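> take a look and give me a structure for this.
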Amino acid sequence: MNVHSDSLTPAEAAVIAGVSVRDVHRMIDEHILPDRFFISADTRSFKRQACVFISFYFGSADRLTAEERQRTIALASKIRDWAKAKKVVQDDFLTIDLASFAKRVEDRWKRLGEARAQVVVDPEILGGTPIIRGTRVPVYDVAASVVAGISMERILASYPSLNHEQVELAGLYVEANPQRGRPRQRSVPAGAVVLAKRRKPVSRSA
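Model (predicted):
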């Protein structure tokens, strides 16, 4: 994704809206979002503004009914100049301010942009494997350690060229860009320590 584009995949929308990918697909399958928030009727690509309403729908579930949330989204979707609007929806006696959701979405949008900016794909480095800028560290390897629950201290000790911020952004980047298919096999450089496999063992109940 180009962070300046207006087309988001479900994984990207989930990161920006602060929900799970499963929740995003639910918005599609249950037709909760108006058609205007999709790039086209036959794709699962979202416009950036959709993330505000995805965030609102799940973030207000403990305060509003599903019907109230859907009605709010329907009314808000009629606002023409969303960027300049006050982002307040008035429905009879009910007033809903969406500004806080818009602010959080904007902050996460910028954060994802920072994550994108630190990743480099160069065919001359590790065969084009996405790496963290200024290093030869594969971003998916770092994120795998984060997902596996490895402590930040241990990750930084194993990747001394990285800092706390780079590790956090690596996790965010991979969350928005999950690997598809089988990961390419690479030889491990001398002296490197493998912290975690990408596959996590499935727990089995007794």
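> domains of this structure?
10-111, 118-200 (automatic domain parsing).
> what does the longest helix that the chain contains rub up against?
Counting residues, the longest helix found in the chain (DSSP state H) is helix 99-117. Contacts of helix 99-117 with the rest of the structure, by C-beta atoms under 8 Å, 6 or more residues apart in numbering, involve 1, 3, 12, 15-18, 48, 51-53, 55-56, 59, 86-88, 133, 169-170, 172-173, 176. (C-beta placed from N, C-alpha, C; glycine too.)
> show me which of these are buried.
The neighbour-count criterion (16 or more other C-beta atoms under 10 Å) marks 3, 12, 15-18, 48, 51-53, 55-56, 59, 87, 169-170, 172-173, 176 among the contacts of helix 99-117 as buried.
> return the subset of the residues you listed lying in helices.
12, 15-17, 51-53, 55-56, 59, 169-170, 172-173, 176.
> which one of these sits closest to Pro138?
For those, the residue nearest Pro138 by C-beta to C-beta is Ala170; the value is 9.2 Å.
> how near is that closest one to Thr95?
Here Ala170 is placed at a distance of 41 Å from Thr95 (C-beta to C-beta, to the nearest Å).
> pick out the shakiest of the domains of the chain, pLDDT-wise.
Lowest mean pLDDT of the domains of the chain: domain 118-200, a mean of 81.
> who are the contact partners of Val89?
Neighbouring residues of Val89 by C-beta under 8 Å, 6+ apart: 72, 75-76, 95-96, 98.
> among those, which two are most distant?
The largest distance within these, taken as C-beta to C-beta, falls between Ala76 and Thr95 and amounts to 12.2 Å.
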